[in-house]
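> after the sequence you'll find the predicted model.
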Amino acid sequence: MAAKRVSSLLLSRSFTSSLASRLTGGKSACQARAISRYSTAAALEEPIKPPVNVEYTKLLINGQFVDAASGKTFPTLDPRTGEVIAHVAEGDAEDVNRAVAAARKAFDEGPWPKLTAYDRQRILLRFADLVEKHNDEIAALETWDNGKPYEQAAKIEVPMFVRLMRYYAGWADKIHGMTVPADGPYHVQTLHEPIGVAGQIIPWNFPLLMYAWKVGPALACGNTVVLKTAEQTPLSALYVTKLLHEAGLPSGVLNVVSGFGPTAGAALCSHMDVDKLAFTGSTETGKIILELSARSNLKPVTLELGGKSPFIVCEDADVDNAVELAHFALFFNQGQCCCAGSRTYVHERVYDEFVEKATARALKRSVGDPFRQEIEQGPQVDSEQFEKILRYIRAGVDSGATLETGGDRLGEKGYYIKPTVFSNVQDDMLIAKEEIFGPVQTILKYKDLDEVTRRANSSRYGLAAGVFTQNLDTANTLMRALRAGTVWINCFDTFDAAIPFGGYKMSGQGREKGEYSLKNYLQVKAVVTPLKNPAWL
Amino acid sequence: MAVQSNGNGSLDSRVKVPVPQIKFTKLFINGEFVDSVSGKTFQTIDPRNREVIAEIAEGNKEDVDLAVKAAREAFDNGPWPRLPGFERRKIMMKFADLIDENNEELATLETIDAGKLFFLCKIMEIPGAAETIRYYAGAADKIHGETLKMSTALQGYTLHEPVGVVGHIIPWNFPSQMFAMKVGPALAAGCTMVVKPAEQTPLSALYYAHLAKLAGIPDGVLNVVTGFGQTAGAAISSHTDIDMVSFTGSTEVGRLVMQAAATSNLKPVCLELGGKSPILIFDDADVDKVTELALQGTLFNKGEICVAGSRVFVQEGIYDKFLLKLKEKVKNWVVGDPFDPTSHQGPQVNKKQYDRILSYIELGKKEGATLFHGGKPGDRKGYYIEPTIFTDVTDEMTIAQEEIFGPVMSVFKFKTVEEAIKRANATKYGLAAGVMTNDINIANTVARSIRAGAIWINCYFAFDRDSPYGGYKMSGFGRDMGMDGLKKYLVVKAVATPIYNSPWL
């Protein structure tokens, strides 16, 4: 039920209609009882055995699974227990060199960029078909490695991955330059050429979707790629890249290096033979990446970084609906979303009712083994994130915010955290300023639109914003006033393939998804030639 | 008393009427003002007093032939299409400046010829024409084709070329705006053209031709043939040396233009035709604001506007309040001499339109609609008509179906959003619609559901140079204004050539 609910939010364009069907029927009370039982049980029960085996743990370079040059491996852990799932080859600078050399050769000598766009498209479409066929195994791997609810992975994320690949496949043969008017008798045209070898560094919160956002446009445009996955979640990328080769991808076109940021990641960023870098992750790391790129070969960089996105509940809002959407905006994916609606601004007229109902909703949130059905929230990804979130919660309490519910770990084992709600949060508190990246909702009170606009914008971040209102004028005003790369009005986390996503301010630069994303992987060449006696100019 | 007349058609002393000297009355062909081949002329009439303003050369087929010959030569061998875009831009900018410099004179011509409010011509229509020319001047060096992704080893690209010689047939209700929105993009594209203004309002187009020449537009690029639809208009539509026709006017005539284009050289046509546009007012709307919008939406320019909101649908919860407010506001609506700055509404353009509107009003009464306000001719010499409002109108009445093109509003009551959408769409037209609500969901639903080329939410007549404008269904096809308005004057040519050993495809 929980996953279905989430999927209807993500896949349907009409939040209100799905919400309405959900709120009728009065099932919530008995659901809450059942869920609280799950929640207590979560820590006591034995974890469910994932319905998948880990087959691929090595680096994938030049079409082959290979050990790291150093022979080293690192363990990837099950966040439900902290136990080892598998030991994975640990890529380092030398492995990155090998991967870049393969990608370079595949770009410079082909055949990938020399294939017709139609052929590239066919390979990407076959890849999408194969992923679709292995949907459940891939989803299980994702849940096992990351801790996200299996239903969310199986019913939303893997299908979305397939959707994105098909979307980009369709772009391959529609990449156009321009013919350009000149100030004299010249024929001018621009060629939109692939940029070359792209280095891509992806995070652990949506391993597959981030893969699709990055790899899809890069390959559609005819580039070759070295992809570094997050050390927390290396498994799914290796699995699907194997499928991509089965679909006909030539060797060396996409190389996957598992490993750590300071070693493999840094090597990729500083590499003189990498022509372009794309990164999704924290703002801190983003700074390092930009710096390394600048110091090496000035490669252009796309950054999709952190956020502290406001979710604004307006005076006219229907409180029940607003609570549900604000809850989803923050708690989805264990709160591990860069665009999480982590500052919930509520108009004073509805504030008290909102806090009460938001607390009740958090209490009902079903937390437990993500492989169990109807679970809304699994464990956080690893102990580092888990500890960090608990530190933020303590900071919230220390700074005088009111802890309405949660605030602690759930159970003894694994990285489960109780859904946490703070009210009476002030803008200058740490929990209102920094990205927590966990299931911690902070509720702030406001009086009028100008005030909330100013406060919502007074952040170094600018990734997304949510607006909840029926009033057309309010919606029109806020959508322009908010300095963020995405504004969701009466919906949240709507991530269609064609909708561009990216940050203002320190939330990053560049846009992913949609037609905009192609720009990241193309460079423009102007070609000029004189015209003799042209019939027109 | 809706019509506040000054008695016997004479203005009171506070209204200063400029007496314009009519400088241009001949055809403008190949850079010269010339008599028509036949030597015939026709009269253009001042609708304020039914008096003759001037005798105008009456262009006929032979004159159109001469104009097309000049335009053809200017296109095939002349400098205009061969100038770089930035040079065309420079000349067009000068043209726009000259329009501004002659604002007062142009506004006067427009008012005496069309009966339009003088102050609005001065502050809106004439400056608007200049701005439109500037908008398209800026587009002249931004006409791009594309390089293509061919599926084999070919370099492919498209050229967006000027279509050639264009025929423009423009109406009498906004002579200056229509002139600029047709001529502007065609000039920017590098086309040459023959413009036929409406026989009711030939004066401003001839003046613009004069200014174009002063600005440096080469001879033959812009030709103006004044005359009638059946003769000059038909000659343009059926001319085998005209490459494209752009027409704004009635749906009836649009059909003739398209037929003539089809039976001659299959030239593409762009038609901007009639409308019966709905204004949908929902329960949550601000009564004061929407009453004002509905009134303006119907009565602006004496109702002589193709996008007039002539069907006003009001939701039952606000219906009575709306009528009350309407009564109050329409009382202050002043019909009077268009030179009088206190007038809201001048005379209809000519006797034919005047008679036609009055006959529709009679028909409305006969078919059982309630005459809520007005309904009578004004008590002065010109073609003045009271602002007229019908209530209890049903969808099948003639006044609910046909375009009246006058100051006549029909008010309907509705219950639900679905009903409003259904009834609003139950028309052969689809030009525009107004949606009055502050509910974001109603606004979004209705905006996508109405089959019309322009949707104005909590506003009306939101025309903008950058906003394309045109019809669905029998309101026409093709778009004027915006960068879409430029497209119809361009043809796409695909060029392909083999490439060898390309590092990428």
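The structure has been received and is ready for your questions. Numbering: from 1, shown residues only, chains lettered A, B, ... in the order given.

> for the chain, give me the ranges with low pLDDT.
The chain I'm using is chain A. Within chain A, the segments meeting pLDDT under 70 span A:1-44.

> please refer instead to chain B.
By pLDDT under 70, the weakly predicted segments of chain B are B:1-19.

> walk me through the domains of it.
Domain assignment for chain B, taken from the TED database, gives B:27-273+B:478-492, B:278-464.

> can you list those in CSV and add distance to A:Lys418?
In this view, the C-beta of every residue, glycine as well, is placed from N, C-alpha and C. Output for those, formatted as CSV (distance: least, Cβ to Cβ, whole Å):
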stretch, distance to A:Lys418
domain B:27-273+B:478-492, 53
domain B:278-464, 35
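
> tell me how far the helix or strand that contains B:Leu280 lies from the chain's centre.
Under the criterion of DSSP states H and E, B:Leu280 resides in strand B:278-281. Computed by Cα atoms, centre = their mean, to the nearest Å, the chain-centroid distance of strand B:278-281 equals 21 Å.

> near chain A, which residues of chain B?
B:81-86, B:140-149, B:151-152, B:157-162, B:190, B:437-441, B:443, B:457-458, B:502-505 (Cβ under 8 Å from any Cβ of the partner chain).

> mark which of these are buried, thanks.
Buried by 16 or more other Cβ atoms under 10 Å in any protein chain shown: B:81-85, B:140-141, B:143-149, B:157-162, B:190, B:437-440, B:443, B:457-458, B:504-505, out of the residues of chain B next to chain A.

> so which of the residues you listed sit within strands?
B:Gly145, B:Glu146, B:Thr147, B:Leu148, B:Tyr157, B:Thr158, B:Leu159, B:His160, B:Glu161, B:Pro162, B:Ile457 (DSSP state E).

> quick check, nearest of those residues to B:Lys61?
B:Pro162 (25.4 Å; Cβ to Cβ).

> and the nearest residue to that closest one once chain neighbours are set aside, what is it in contact with?
Distances taken as Cβ to Cβ, 6 or more residues apart in numbering or on different chains put B:Gly190 closest to B:Pro162, at 3.7 Å, once the chain neighbours are dropped. Counting by Cβ atoms under 8 Å, 6 or more residues apart in numbering or on different chains, B:Gly190 touches A:Trp536, A:Leu537, B:Trp80, B:Pro81, B:Arg82, B:Leu83, B:Gly85, B:Arg88, B:Ala140, B:Glu161, B:Pro162.

> distance of the closest residue to B:Leu203 other than its chain neighbours from B:Val34?
In space, and not counting its chain neighbours, B:Leu203 is closest to B:Leu109: 4.4 Å by Cβ to Cβ, 6+ apart. Per Cβ to Cβ, to the nearest Å, B:Leu109 is found 20 Å from B:Val34.

> neighbour count winner among those two?
B:Leu109 (28 against 16; other Cβ atoms under 10 Å in any protein chain shown).

> which stretches of the stretch 251-400 of chain B form strands?
B:269-272, B:278-281, B:311-315, B:370-373, B:388-391 (DSSP state E, counting those that start in this stretch).

> dump these into CSV; add mean neighbour count as well.
Formatted as CSV, those follow (neighbours: other Cβ atoms under 10 Å in any protein chain shown):
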stretch, mean neighbour count
strand B:269-272, 25
strand B:278-281, 27
strand B:311-315, 27
strand B:370-373, 16
strand B:388-391, 25
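
> so for A:Glu404, which of these sits nearest?
Nearest of the strands of the stretch 251-400 of chain B to A:Glu404, taken as Cβ to Cβ: strand B:311-315 at 42.0 Å.

> tell me which other helices or strands that closest one touches.
strand B:278-281, helix B:287-299, strand B:408-414, helix B:417-425 (3 or more Cβ pairs under 8 Å, 6 or more residues apart in numbering or on different chains; DSSP states H and E).

> quick one: contacts of that strand?
For strand B:311-315, using Cβ under 8 Å, 6+ apart, the contacting residues are B:276-283, B:294, B:297-298, B:322-323, B:400, B:409-415, B:420, B:423-424, B:427.
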